[in-house]
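J.: with the sequence up front, the predicted model follows.
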Amino acid sequence: MPASVCSKLNIEPQKSAVHIVQLDQTKVQVLGEKNSIIIILAVDPRVVQRIYILIADIPEFYGLILSRDWSKKLHGYILTD
């Protein structure tokens, strides 16, 4: 999640020891993380996913927040490893 979105949502991130390295070997500054965020799909409330979000120094237009449109494109299901 971009730091600017985190600020707009008034989320207090916890410290994080995670490091992100992009494919071009540049580092992205991780400002913190938020653990145990529960996502329940609107199309099927039985589908529940617990995630954690990294707050990073990235542009807001990256748009990394999950939306209803995103879950609809997956027909209401989240697949994870």
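T.: Received, thanks.

J.: show me the contacts for Y62.
T.: P2 (CB atoms under 8 Å, 6 or more residues apart in numbering). Bear in mind the C-beta positions are built from the backbone N, C-alpha and C, glycine included.

J.: repeat the analysis, applying 10 Å as the threshold.
T.: M1, P2, V5, A56 (CB atoms under 10 Å, 6 or more residues apart in numbering).

J.: so how far is the first residue of stretch 17-24 from its last?
T.: With CA to CA, to the nearest Å as the measure, stretch 17-24 spans 21 Å from end to end.

J.: ok, now stretch 10-30?
T.: Taking CA to CA, stretch 10-30 runs 17 Å from one end to the other.

J.: what lies in contact with it?
T.: Residues contacting stretch 10-30 (CB under 10 Å, 6+ apart): 1, 3, 5-6, 31-35, 37, 52-58.

J.: next one: it to chain centre, how far?
T.: Computed by CA atoms, centre = their mean, to the nearest Å, the chain-centroid distance of stretch 10-30 equals 12 Å.

J.: just the buried positions in that stretch, please.
T.: For stretch 10-30, the neighbour count (16 or more other CB atoms under 10 Å) marks P13, S16, V30 as buried.

J.: so which of these belong to strands?
T.: V30 (DSSP state E).

J.: of the contacts of Y62, which pair is most distant in space?
T.: V5 and A56 (10.5 Å; CB to CB).
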